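Trainee: have a look; sequence and predicted model below, questions after that.
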Amino acid sequence: DGGITQSPKYLFRKEGQNVTLSCEQNLNHDAMYWYRQDPGQGLRLIYYSQIVNDFQKGDIAEGYSVSREKKESFPLTVTSAQKNPTAFYLCASSTGNSNQPQHFGDGTRLSIL
Amino acid sequence: LAKTTQPISMDSYEGQEVNITCSHNNIATNDYITWYQQFPSQGPRFIIQGYKTKVTNEVASLFIPADRKSSTLSLPRVSLSDTAVYYCLVGDIFNSGGYQKVTFGTGTKLQVIP
């Protein structure tokens, strides 16, 4: 089945540590996205990528970094500069054409030890 | 920026039709309206999208009046499994060729009661 796979489902980070969240898609989509969701809140865009080797900051990019070396993969690194990283992280993809719906993974829940 | 306003929560009994309205007064000419459903600890799932008038699929209907300043998601004969948060989105970050902020607000939490 085509879809988006996020791993791990749960992740724990120590203070001062960088962690990387994986996102892989086999939908042949050009565009990929990372969102953050806090309890009872909507989704906020961290980074997005329209095409391989290109990505842009969203609304809350500080303390995060991404790479897009392959079409299928868009990993997110939560750096130690992100002071409040505890959240539910969602990866999505779309064709990249205007007004095409996004397909989401089932998220990674990150907590601080 | 096309800001959206939805009710925070709604309750409905099983078997009833549920209508969730979203206001988007400053919708742009090229903006589509998209609805997503999210269950706890899962990613949102696309439900339906429309530009004007009425769109229907196997899951829901979307009604958009001529002025497009609001839209209504209609779920026929809801069941307990329809309990979820429903988000209304207007526009797309790729519309204008540059970054356009598109926000998932807090959505509408629908609780279906037996």
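Mentor: Sure thing, it's come through.

Trainee: can you pull the residues of chain B lying near chain A?
Mentor: Within chain B, the positions near chain A by C-beta under 8 Å from any C-beta of the partner chain are B:30-32, B:34, B:36, B:41-46, B:49, B:87, B:92-95, B:99, B:101-107. Every C-beta, even on glycine, is put in place using the N, C-alpha and C of the backbone.

Trainee: please flag which of these sit within strands.
Mentor: B:34, B:36, B:45-46, B:49, B:87 (DSSP state E).

Trainee: could I get those as a markdown table with pLDDT and neighbour count?
Mentor: Shown next, in a markdown table, are these (pLDDT from 0 to 100; neighbours: other C-beta atoms under 10 Å in any protein chain shown):
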| residue | pLDDT | neighbour count |
| --- | --- | --- |
| B:34 | 94 | 23 |
| B:36 | 96 | 23 |
| B:45 | 96 | 16 |
| B:46 | 95 | 17 |
| B:49 | 95 | 17 |
| B:87 | 96 | 25 |
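
Trainee: in chain A, what residue is nearest chain B?
Mentor: The nearest approach of chain A to chain B comes at residue A:104, 2.9 Å away (C-beta to the nearest C-beta).

Trainee: just give the nearest non-adjacent residue to that residue, would you?
Mentor: Closest residue to residue A:104 apart from its sequence neighbours, by C-beta to C-beta, 6 or more residues apart in numbering or on different chains: residue B:43 at 2.9 Å.

Trainee: residue of chain B nearest chain A, please.
Mentor: Closest point on chain B to chain A, by C-beta to the nearest C-beta, is residue B:43, at 2.9 Å.
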